[in-house]
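>>> Give me a 3D structure for the following:
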Amino acid sequence: MPVDPNALATWANAITVGRLLLSPIMFLVIPDHNRGSWLAFLLWFVLCVSDGIDGYLARRHGSTASGAFLDPLADKVLVLGAMFTLVARDVFWLLPVALIASREFVISVYRTFVASKGVSIPASRMAKWKTVFQQLAVGFALWPWFAVDGKWIWVTLLWIAVGLSLISGAQYLWYSRVTEKALAGSGAT
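Below is the predicted model:
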C-alpha cells in the first residue's frame, strides 16, 4: 500500500532513524588498534544492510519527503562518523576522508540551496556506487580477516570511493549549470 509522501511514520523512516541512533554506538565499538573487531564489523554490516532495506521499503511503498531528507543524513552520519573515527584511531589516512567529507559538505549545501527553489536532486547512480565503496572500505578495515593482512584492499576501496565522490560531485555541479542555463533560456527562473 503506498504511503503519503508527507508521512513521517513509515517503516523505511523507522529503520533510517534506527541507523541514526545506532551510529554513535558503532563509533564507540571501533577499536583503538588496527586489528579489526568482529563486533564493529558485524554492527557495521547490519547498519549497511539496513540502508538497503529502508531503500527497498521506500521504493516499494513510496518515498516520503522526510525519508528523502533522513536517509542521506543517516548515510553521511554513519559513513563519515566511522571514517573520522578510523582516522582518530590511526587506521585511515586523513586526506582521503577529508576529500570525501568536503564533497559531502559541498553537495549537501548545493542540494539544500536548490531545494529552497523547489528543485529536488535525486542521488545519481555514481553517488550510490560511491556510498557502496565507502561502506566497503570501512567494512574491510573493521573485518579482522582483512584489517591487517588485507590492508591494500580497504585502502584501494577507500581511494576508489574518493574518486567516485569527486566525479559524482562534479556531475551534480555540472548538472546544476546545465539546469540553470535551461531554466534561464526558458524564462522559468
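>>> could you say what helices and strands the helix or strand harbouring Ala98 packs with?
Here Ala98, judged by DSSP states H and E, is contained in helix 94-115. When contacts are defined as 3 or more Cβ pairs under 8 Å, 6 or more residues apart in numbering; DSSP states H and E, helix 94-115 sits against helix 65-88, helix 151-186. All C-beta spots, glycine's among them, are computed from the backbone N, C-alpha and C.
>>> Mean neighbour count, the ones you listed: which tops it?
Among the helices and strands packed on helix 94-115, ranked by average contacts under mean count of other Cβ atoms under 10 Å, first place goes to helix 65-88 (a mean of 19).
>>> what inclination does it have with respect to helix 94-115?
160 degrees (axes from the mean of the first three to the mean of the last three Cα atoms, to 10 degrees).
>>> In the protein, where is pLDDT below threshold?
Applying pLDDT under 70 to the chain flags residues 1-8, 61-62, 64-67, 119-120, 177-189.
>>> residue nearest the centroid of it?
The centre of the chain sits closest to Asp75, judged by Cα atoms, centre = their mean, with a distance of 3.6 Å.
>>> in the helix holding Ala98, what's buried?
Pro96, Val97, Leu99, Ile100, Ala101, Arg103, Glu104, Ile107, Tyr110, Arg111, Val114 (16 or more other Cβ atoms under 10 Å).
>>> hmm, who's touching that helix?
The contact list for helix 94-115 (Cβ atoms under 8 Å, 6 or more residues apart in numbering) reads 72, 76, 80, 83-84, 86-87, 120-121, 134, 158-159, 161-162, 165-166, 168-169, 172-173, 176.
>>> switch to 7 Å and redo it
For helix 94-115, contacts defined as Cβ atoms under 7 Å, 6 or more residues apart in numbering pick out 76, 80, 83-84, 87, 121, 134, 158-159, 161-162, 165-166, 169, 172-173, 176.
>>> Show the contacting residues for the residue nearest to the centre of the chain.
With Cβ under 7 Å, 6+ apart, Asp75 has these contacts: Asp51, Thr131.
>>> do you know how far it is from Gly118?
24 Å (Cβ to Cβ, to the nearest Å).
>>> for Asp32, same thing?
47 Å.
>>> In this structure Leu47 contacts Arg19, no?
Yes: assessed by Cβ atoms under 7 Å, Leu47 is found in contact with Arg19 at 5.5 Å.
>>> okay, and the common contacts of these two?
The contact lists of Leu47 and Arg19 share Leu78, where a contact means Cβ under 7 Å, 6+ apart.
>>> Met126: neighbouring residues, count only.
16 (other Cβ atoms under 10 Å).
>>> Thanks a lot, catch you later.
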